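Undergrad: Sequence plus predicted model, see below.
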Amino acid sequence: MATTTPSATRSARLGLRATLEQEAVLRRAADVAHKSLTDFILDSACQAAEQTLLDQRLFMVSGSQYQALMDLLERPEQANEGLRDLFSRKAPWDKA
């Protein structure tokens, strides 16, 4: 996660405008979290951004791309010797 650390060098400048009420809420929350206002806003914004990026569940594809995927899913399974060999071996962490 891209949280702020004391050793991180900040070179990019971001500007934003807030209402007085928004500023008050952010300052109170930063105080409760024992963070500077900047650290609180950056940490919160990065968490929200990462969640947004990770939470992509809808993928838009063309009709032909969708059909190609459906065709792949409908194909009968094929033997895969590499996977068969891999799963037949004991896991390195199970060597006790």
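TA: All right, it came through fine. Numbers count the residues shown, from 1 in each chain.
Undergrad: Need the per-residue pLDDT for residue 92.
TA: Residue 92 carries a pLDDT value of 85.
Undergrad: Which helix or strand lies directly C-terminal to the helix ranked longest in the chain?
TA: Counting by DSSP state H, the longest helix found in the chain is helix 37-54. Next along the chain after helix 37-54, taking DSSP states H and E as the criterion, comes helix 63-74.
Undergrad: What residues of that following helix count as buried?
TA: Within helix 63-74, no residue counts as buried by 16 or more other CB atoms under 10 Å. Heads up, the C-betas are built off the backbone N, CA and C, glycines and all.
Undergrad: For residue 43, see how far away the most centrally placed residue in the chain is.
TA: By CA atoms, centre = their mean, the chain has its centre lying nearest to residue 54, at 3.7 Å. Residue 54 is 16 Å from residue 43, where distance means CB to CB, to the nearest Å.
Undergrad: Residue 40 - how many residues pack around it?
TA: By other CB atoms under 10 Å, 20 other residues sit near residue 40.
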